[in-house]
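K.L.:
test case, fold it:
(one chain, ligands or ions: 1)
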Amino acid sequence: MTERAAAGLWVGVVSLFPEMFEAIARHGITGRAVATGRVALEFWNPRDHATDRHRTVDDRPYGGGPGMLMKVDTLRAAIHAARQRAVEATGQRPRVIYLSPQGRRLDQRGVQELASGPPLVVVAGRYEGIDERVVEADIDEEWSIGDYVLSGGELPAMVLIDAAARLVPGVLGHQDSAVEDSFNAGLLDCPHYTRPEEIDGRRVPQVLLSGNHGAIRRWRIKQSLGRTWLRRPDLLEGRALSDEQRELLAEFIEEYAD
Ligand SMILES: Nc1nonc1C(=O)NCC1CCCCC1
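P.N.:
The predicted structure is shown next:
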């Protein structure tokens with residue numbers, strides 16, 4: 001029996017392919033978050049607002065050129081319906097998000113901002129996109145998951161929802177100490193190991209088998225800092241390190257130089 005919880009995150013999704021979202025709504029940590037009601041997902045399909053016989057949801061671009069755009073009236077009807085439902089369900093006006101390569105680059109800080117704010121309505125584009133006047137009139141924020149072009153906004157929407165869902169209290173069973181997390185947040189993860197103790201002659205670092213939890217904690221912080229220094233030094237720029245973190249990073253660098 002899954003316990004019911006108040007939605008820590010309410011997301012309305014506007015998409016022509018709502019069934020794609022089963023990937024996050026029906027599986028794993030996010031699936032359990034939805035099943036327990038910690039994350040509420042509701043869907044609006046512009047096609048359901050089409051009034052013509054062919055249920056048209058695309059339209060030709062002014063100025064010609066290849067491809068189509070999402071039809072304005074069916075898209076706007078879906079956005080407005082989702083927005084209204086957000087207010088009914090949460091008592092708050094939603095933040096309406098559009099995913100596109102033209103948006104602000106999503107990172108963990110951005111995910112934290114979105115997860116801790118008002119309910120979200122996420123609009124997934126298709127074809128060549130949406131009319132700029134809909135962006136101006138109905139979209140509050142445009143976000144990008146990276147500098148590449150996908151076939152639709154559904155996968156970016158799922159990336160955003162997945163990352164935000166993990167920040168909802170109770171979604172991650174193993175909520176570590178918040179303080180530790182905040183200190184190590186924004187660093188690359190340390191290496192992880194599980195059985196067997198040896199793979200092709202490669203052994204698990206002895207410290208992880210020692211049962212010395214203090215040494216294990218320090219080793220993991222040192223590895224996170226060291227990997228960040230090696231692979232993403234930009235994440236360390238301007239970052240305040242604790243005395244312990246500075247010592248551990250210095251140790252890593254010294255050993256690396258040897
Ligand atoms: N990259 C991205 N980050 O967020 N979205 C992205 C994207 O590539 N989206 C494709 C969509 C954009 C709207 C028109 C149809 C294709």
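K.L.:
only C-alpha atoms for contact and neighbour calcs from this point on.
P.N.:
Noted.
K.L.:
touching the one helix or strand V11 maps to from outside, list them.
P.N.:
Per DSSP states H and E: V11 is located in strand 9-14. Residues from elsewhere that reach strand 9-14 (CA atoms under 8 Å, 6 or more residues apart in numbering): 38-46, 78-79, 82-83, 86, 90, 115, 119-124, 161, 165, 168.
K.L.:
please apply the same query to stretch 115-124.
P.N.:
Residues contacting stretch 115-124 (CA under 8 Å, 6+ apart): 9-16, 79, 82-83, 86, 90, 92-99, 114, 152-154, 157, 164-165, 167-168.
K.L.:
re the thing from before, filter the contacts of strand 9-14 down to the ones in strands?
P.N.:
Among the contacts of strand 9-14, the residues falling in strands (DSSP state E) are V39, A40, L41, E42, F43, W44, L120, V121, V122, V123.
K.L.:
so the third one touches A35, yeah?
P.N.:
When you say that, I think you mean L41. No - L41 is not in contact with A35 according to CA atoms under 8 Å; the separation is 10.2 Å.
K.L.:
what residues does the stretch 1-150 of the chain have near the ligand?
P.N.:
99-101, 125-129, 144-150 (CA under 6 Å from any ligand atom).
K.L.:
next one: L208 from the ligand, what distance?
P.N.:
Taking CA to the nearest ligand atom, to the nearest Å as the measure, L208 falls 39 Å from the ligand.
K.L.:
tell me the buried residues within the contacts of stretch 115-124.
P.N.:
9-16, 79, 82-83, 86, 93-99, 114, 152-154, 157, 164-165, 167-168 (16 or more other CA atoms under 10 Å).
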